[in-house]
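Novice: Give me a model of this one.
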Amino acid sequence: MEFRKLGRTGWEISAIGLGAMPLSLKEDRPGEKQAIAVIRAALDAGINLIDTADAYCRDDSETGHNERIIAKALSGLSPGDRERIVVATKGGHVRPEGRWQCDGRPEHLREACEASLKNLGLEAIPLYQFHRPDPEVPFADSLGELRDLKEEGKIISVGISNVTMSQIENAEKEVEIVSVQNRFSPNHRNPETDGSFAICLARNIAFLAWSPLNGMDNAKKVGENTPEVQEIASNHGLSPQAVVLAWLLSKGPNIVPIPGGSREESIRDSAKAADARLSLEEIVALDTCWKQ
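Specialist: Residues are numbered from 1 along each chain as shown. Okay, here's the model as predicted:
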């Protein structure tokens, strides 16, 4: 497993992370035993970055569901193995009756962080990310609360998600940002043109690419009717999905795709992309066939 730096923290994280959302959000989500098996399969494959959020649940009656599943999966590990795992959670979204709503109020972020600490069974959260800017709350106020939580030792490092280039610049005026989590996939290449990926690369900020396989419902279709993907997959002994992840990894040393997984087989397959080495010609061919 290749490892990459988590911004300026000095921590090394696996080049492929586990997006744990499918373990809680899907209507046909796996049972607890299967969910724990998926997380442990990821760890066995060398993955040490697990991405979650308090809002990864069906509705607000079970807020923190995903975090509690992760805590159970990690509870049986030795202290040494547990220490190497970076759990990244998020606050700033709420799920009333299953809807997605923003809540970036400082008081809410503090309450959410306290609840996440309890759900995860941690004294300090390795990476706490502001899930999405709230248009009703000044961005500086939300980030200022995360700065305070960091100074109090409740979170170790701060990240932001679903942000623009200018928001990244503004966030860094309030607190050191070690990661940006934005959508990046063959069907959503905006980070290459909107400046968000470039500023992260320039400032040594990790870029965590969510939904790298075009979303939970479309992941199985990746590579269909795309001869270039099929040929490259065949040449490297990879699945089309792993080819997509390897292509994303080629974009820069700071990018870490976080594909979701609800089956052990799928996350093991994703992990193989970390050690794949695409040629320049293959990268150009993929860039061309996925050009927007």
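
Novice: hey, where'd the helices end up in the chain?
Specialist: With helices called from DSSP state H, the chain shows them at 32-44, 65-74, 79-83, 106-120, 139-151, 165-171, 196-202, 227-236, 240-249, 264-271, 280-289.

Novice: Point out the most buried one among these.
Specialist: Of these, the one with the most neighbours on average (mean count of other C-beta atoms under 10 Å) is helix 240-249, at a mean of 25. The C-beta positions use only the backbone N, C-alpha and C, and glycine is treated the same way.

Novice: so what does that helix touch, helix or strand wise?
Specialist: Applying 3 or more C-beta pairs under 8 Å, 6 or more residues apart in numbering; DSSP states H and E, one finds that helix 240-249 contacts helix 227-236, strand 255-257, helix 264-271, helix 280-289.

Novice: now the helices of the chain as TSV including mean pLDDT and distance to residue 133?
Specialist: Output for those, formatted as TSV (pLDDT from 0 to 100; distance: least, C-beta to C-beta, whole Å):
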stretch	mean pLDDT	distance to residue 133
helix 32-44	96	29
helix 65-74	97	22
helix 79-83	85	32
helix 106-120	98	12
helix 139-151	98	5
helix 165-171	96	6
helix 196-202	96	13
helix 227-236	92	34
helix 240-249	96	24
helix 264-271	96	29
helix 280-289	94	30
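
Novice: and of those helices, who's closest to residue 187?
Specialist: Across these, residue 187 has its closest neighbour in helix 240-249 (10.1 Å, C-beta to C-beta).

Novice: hey, C-alpha coordinates of the closest one in PDB?
Specialist: Extracted C-alpha coordinates of helix 240-249, given in PDB (Å, rounded to 0.1, in the frame of the first residue of the first chain):
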ATOM      1  CA  PRO A 240     -12.300  -0.800 -14.200                       C
ATOM      2  CA  GLN A 241     -13.100   0.700 -10.800                       C
ATOM      3  CA  ALA A 242      -9.500   0.300  -9.700                       C
ATOM      4  CA  VAL A 243      -8.400   1.900 -13.000                       C
ATOM      5  CA  VAL A 244     -10.500   5.000 -12.200                       C
ATOM      6  CA  LEU A 245      -8.900   5.200  -8.700                       C
ATOM      7  CA  ALA A 246      -5.400   4.800 -10.200                       C
ATOM      8  CA  TRP A 247      -6.100   7.600 -12.700                       C
ATOM      9  CA  LEU A 248      -7.200   9.900  -9.800                       C
ATOM     10  CA  LEU A 249      -4.000   9.100  -7.900                       C
END
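
Novice: what does it contact?
Specialist: Outside helix 240-249, the residues that touch it by C-beta atoms under 8 Å, 6 or more residues apart in numbering are 2, 15-16, 184-186, 209, 212-213, 219, 222-224, 226, 229-230, 232-233, 236, 238, 255, 257, 259, 266, 269-270, 272-274, 276-278, 283, 286-287.

Novice: returning to what we had before: could you dump the helices of the chain into a markdown table and include distance to residue 157?
Specialist: Output for these, formatted as a markdown table (distance: least, C-beta to C-beta, whole Å):
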| stretch | distance to residue 157 |
| --- | --- |
| helix 32-44 | 21 |
| helix 65-74 | 17 |
| helix 79-83 | 16 |
| helix 106-120 | 13 |
| helix 139-151 | 7 |
| helix 165-171 | 13 |
| helix 196-202 | 15 |
| helix 227-236 | 34 |
| helix 240-249 | 22 |
| helix 264-271 | 24 |
| helix 280-289 | 31 |
